[in-house]
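A.B. asks: here is my input, please return the structure:
(one chain, ligands or ions: 1)
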Amino acid sequence: MPTPPYLLEETRTCPMVLGSREENRQEEVKRVIQTNTKKMNVPFSKPAFNEQEVEAASKAIRSGWVTTGPLTAKFEEEFAKFVGSKYAVFVNSGTSALRLAIEWNKTKYNLKTAYVPSLTFAATAHEAIHAGLDVLWGDVDQETMCLLPSDVGNIAIPVHLTGNRASVAYSCPVVEDSAHLVEKDQCKGSKNLVCFSFYATKNLSTGEGGMIACNTKEAYTWLMKARHHGIDRRPGGSPIYDVEFIGWKANQSDILAAIGLVQLKKLPSMLKKRAKIVDMYNKGLGQHCCGLHLYPVFSNDRDEFVKEMAKAGIQCSIHFRPLHKMMAYSSTRDLVTTEYLGGGLVSLPLFPDMTIEQVKYVIETIKKINLTLPL
Ligand SMILES: Cc1ncc(COP(=O)(O)O)c(C=O)c1O
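C.D. replies: Numbers count the residues shown, from 1 in each chain. Below you'll find the model as predicted:
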């Protein structure tokens with residue numbers, strides 16, 4: 001009679017018989033990767049660019065107009081239509097988008113402090129500091145991993161982390177860090193400035209870039225000047241201009257706007273592909289994530305997990321170590337959930353052109369490595 005599998009399992013992991021549990025696990029991972037599964041190389045991310053982007057960028061270059069111009073205006077108009085805002089301002093990064101959005105609020109309100117999550121990319125907090133505000137760190141909700149609302153700051157900067165929707169219910173002004181979320185109609189009726197990133201790995205990419213969506217003409221007019229030194233151009237194309245206030249240099253190029261226009265057309269299908277991969281990960285790993293930008297898993301032994309994944313040819317990323325504990329901030333504040341999650345989160349490969357075989361391979365490898373806990 002064949003040995004029942006549970007007995008085999010027992011023998012395999014018994015330290016007295018076959019060495020330590022860790023050695024056995026490592027041997028098992030090696031064996032399975034070498035024998036059962038064909039090793040694959042799975043990058044963490046890959047831009048979903050093809051000949052369409054190449055052609056659009058080339059056309060922009062050939063036109064002779066390579067800085068901010070008509071394609072930028074068109075991209076802004078189309079992007080605003082997609083997210084359901086009245087206006088959109090194309091800038092050179094998500095970081096610049098945050099900075100200008102905070103600065104706009106400074107012209108309206110007496111801001112001294114910004115309430116921000118620590119479980120985020122550095123830019124969220126840095127831009128508040130650069131704008132002269134003191135950062136008040138907030139903890140996150142264990143399930144959404146997004147900032148828990150509080151009334152402590154003069155302005156709140158919730159982050160839609162991994163693509164999960166953060167609460168925007170605050171009594172103070174809100175700037176939304178939407179670097180990870182870009183969805184149809186998400187800005188419809190919003191009174192917040194919403195900041196997007198078009199960095200290489202983002203859901204919509206122009207290589208580098210960002211966008212601020214807003215619903216008031218007043219904010220829009222200010223932002224258009226703010227991104228270009230505070231310069232106020234006279235109507236009618238007159239070469240005479242004035243500098244209305246001390247602005248920034250954050251405008252964008254028509255070459256990247258051309259790429260953005262192609263990406264925007266593809267966005268619904270790219271989001272669908274991401275959703276399918278997230279669904280496969282959820283089913284395979286027994287999780288319930290819904291963000292479409294990053295797919296997180298949690299490991300108590302993150303370094304080892306990432307190392308084992310790399311050995312199997314899978315590139316993972318560590319995005320969110322608690323920012324408030326980093327050298328530049330060295331805060332003594334305790335943020336229980338942030339510190340727990342930030343100590344073990346790993347992002348799995350996730351990009352529109354990822355194949356079903358690659359997703360299956362990642363899932364199988366994670367199960368074999370056996371170093372993750374359910375999120
Ligand atoms: C949450 C978050 N906010 C802001 C940014 C900054 O965006 P960018 O790299 O376009 O400046 C990023 C970039 O990865 C991010 O992940």
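A.B. asks: list the contacts of stretch 45-57.
C.D. replies: Contacts with stretch 45-57, where a contact means Cβ atoms under 8 Å, 6 or more residues apart in numbering, come from 200-201, 205, 207, 255-256, 258-259, 261-263, 266, 270, 349-354. Any C-beta I mention is one placed from the backbone N, CA and C, and that applies to glycine too.
A.B. asks: near the ligand, anything from it?
C.D. replies: No. Looking at stretch 45-57 against the ligand by Cβ under 6 Å from any ligand atom, there are no contacts, and the closest approach is 11.3 Å.
A.B. asks: what's the closest residue to the ligand within the chain in contact with, if anything?
C.D. replies: With Cβ to the nearest ligand atom as the measure, the residue in the chain that lies nearest the ligand is residue 94; the distance is 2.6 Å. Applying Cβ under 8 Å, 6+ apart, we find residue 94 in contact with 123, 177, 179, 195-199, 202, 209-210.
A.B. asks: beta partners of the nearest residue to it once chain neighbours are set aside?
C.D. replies: Distance criterion Cβ to Cβ, 6 or more residues apart in numbering; nearest residue to residue 94, sequence neighbours excluded, is residue 197 at 2.6 Å. Applying DSSP bridges to residue 197 yields these beta-bridge partners: residue 210.
A.B. asks: and for residue 197, the neighbour number?
C.D. replies: Number of residues near residue 197 (other Cβ atoms under 10 Å) recorded here: 30.
A.B. asks: sorry, back to before: for PyMOL, what selects the buried ones among the contacts of stretch 45-57?
C.D. replies: Command for PyMOL, covering only those of the contacts of stretch 45-57 found buried under the criterion 16 or more other Cβ atoms under 10 Å:
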select buried, resi 201+205+255+256+258+259+261+262+263+266+270+349+350+351+352+354
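A.B. asks: let's see which of the contacts of stretch 45-57 end up in helices.
C.D. replies: In this view, the contacts of stretch 45-57 that belong to helices under DSSP state H are 255-256, 258-259, 261-263, 266, 270.
A.B. asks: contacts only, for the nearest residue to residue 88 once chain neighbours are set aside.
C.D. replies: Residue nearest to residue 88 in three dimensions, not counting chain neighbours: residue 80, with 4.0 Å by Cβ to Cβ, 6+ apart. With contact taken as Cβ under 8 Å, 6+ apart, residue 80 is in contact with 86-88, 213.
A.B. asks: neighbour-wise, which one of those leads?
C.D. replies: The member of the contacts of residue 80 surrounded by the most neighbours (other Cβ under 10 Å) is residue 213, with 29 neighbours in all.
A.B. asks: pretty sure that residue belongs to a strand, no?
C.D. replies: Yes. In this structure, residue 213 lies within a strand as judged by DSSP: H, G, I helix; E, B strand; the rest coil.
A.B. asks: next one: phi and psi at the closest residue to it other than its chain neighbours?
C.D. replies: Excluding the flanking residues, the one nearest residue 213 by Cβ to Cβ, 6+ apart is residue 85, at 3.8 Å. Main-chain torsions, residue 85, degrees, to the nearest 10: phi -100, psi 160.
A.B. asks: I figured residue 85 hits residue 188, correct?
C.D. replies: Yes. The pair residue 85 and residue 188 passes the contact test of Cβ atoms under 8 Å, sitting 7.4 Å apart.
A.B. asks: does residue 219 touch residue 104 like I think?
C.D. replies: Yes. Using Cβ under 8 Å as the test, residue 219 is close enough to residue 104 to be in contact (5.6 Å).
A.B. asks: any common contacting residues for those two?
C.D. replies: With contacts defined as Cβ under 8 Å, 6+ apart, the residues shared by residue 219 and residue 104 are residue 193.
A.B. asks: quick one: residue 122 and residue 322 touch, right?
C.D. replies: No. Using Cβ under 8 Å, residue 122 is not in contact with residue 322, being 11.5 Å away.
A.B. asks: who's more crowded, the two?
C.D. replies: residue 322 (23 against 12).
A.B. asks: for the more buried one, what are its contacts?
C.D. replies: 118-119, 335, 338-339, 342-343.
A.B. asks: change it to 10 Å
C.D. replies: Taking Cβ atoms under 10 Å, 6 or more residues apart in numbering as the criterion, residue 322 is in contact with 117-120, 137, 139-140, 329, 331, 333, 335, 338-343.
A.B. asks: ok, residue 332 next?
C.D. replies: 324-325.
A.B. asks: and it, helix, strand or coil?
C.D. replies: In the three-state summary, residue 332 is assigned as coil, counting by three-state DSSP.
A.B. asks: give me phi/psi at it?
C.D. replies: Dihedral angles (degrees, to the nearest 10) for residue 332: phi -90, psi 0.
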